[in-house]
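Student: what follows is a protein structure lacking sequence information:
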């Protein structure tokens, strides 16, 4: 009986942590579209990129909780914006919102997740006069996605994330803030 308990304790203290740490990190890189959904002047969209790093805090076969750092940005948008009393020709955006990710069925080949965070938003506007106007703002994000394993440590990732922020000056009437929707697809690697 002592040998069984000893083997169990060795497995518990040495076997489980090795397996748990083997895939505790996740790096994702996705690309797609950016949409300013609460803008009454929204006439188009822009290309967008997002990179994220997540580290697992707690993981079970049913659910896992990770700390994550997403960094998302849009390329030049042709959506006209107001900058004070001047009309801006275009703008770019950047969001950095550390937060948490809750993943369902992390060991299964299809794994959905929800994410939320708080952080920083930045808008660079190019005015018709040629001057650049910069706005820094508080941002929060909420989103979700789906990972489909295509290799043992590589997944195809689809994600929809809304960065709620101020800063472009055509915010929604209800909250004085703007919803910046990123719809992206790409790859995620676990290590």
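Tutor: It's in. Please read all numbers here as calculations on a predicted model, not as lab measurements.
Student: okay, helices next: where are they in the protein?
Tutor: 2-10, 16-22 (DSSP state H).
Student: can you check which strand is longest in this structure?
Tutor: Longest strand in the chain, counting residues (DSSP state E): strand 132-151.
Student: list the buried residues in that one.
Tutor: For strand 132-151, a neighbour-count test (16 or more other Cβ atoms under 10 Å) marks 133, 135, 137, 139-147, 149 as buried. Every residue, glycine included, has its C-beta placed from N, CA and C.
Student: would you single out the least confident of the helices of the chain?
Tutor: Mean pLDDT values for those show the minimum at helix 16-22, a mean of 45.
Student: which residues touch the residue nearest to residue 166 when sequence neighbours are not counted?
Tutor: Nearest in space to residue 166, with sequence neighbours left out and distances taken as Cβ to Cβ, 6 or more residues apart in numbering, is residue 137 at 4.5 Å. Residues near residue 137 by Cβ atoms under 8 Å, 6 or more residues apart in numbering: 120-123, 165-167.
Student: which one of those residues is nearest residue 65?
Tutor: Closest approach to residue 65 among those (Cβ to Cβ): residue 120, at 23.0 Å.
Student: beta partners of the closest one?
Tutor: residue 96, residue 138 (DSSP bridges).
Student: what does residue 104 give?
Tutor: Bridge pairing for residue 104 - DSSP bridges - gives residue 63.
Student: wait, what's in contact with it?
Tutor: The contact partners of residue 104, taken as Cβ under 8 Å, 6+ apart, are 62-63, 111-113.
Student: same thing with residue 50?
Tutor: 28-31, 70-73, 159, 161, 182, 184, 186.
Student: let's see that with 7 Å instead.
Tutor: Going by Cβ atoms under 7 Å, 6 or more residues apart in numbering, residue 50 touches 30, 70-72, 182, 184.
Student: now do residue 65
Tutor: Applying Cβ under 7 Å, 6+ apart, one finds that residue 65 lies in contact with 57-58, 100, 102.
Student: just the buried residues from those residues, in ChimeraX please.
Tutor: The ChimeraX selection below is limited to those of the contacts of residue 65 classed as buried (16+ other Cβ under 10 Å):
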select :102
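Student: narrow the contacts of residue 65 to those in strands?
Tutor: Going by DSSP E, the strands hold 57-58, 100, 102 from these.
Student: per-residue pLDDT, the most centrally placed residue in the chain?
Tutor: Closest residue to the average C-alpha location of the chain: residue 70 at 4.3 Å, with Cα atoms, centre = their mean. We have a pLDDT of 98 for residue 70.
Student: give me the beta-bridge partners of it?
Tutor: residue 52.
Student: can you tell me how far it is from residue 53?
Tutor: Distance, residue 70 to residue 53, by Cβ to Cβ, to the nearest Å: 8 Å.
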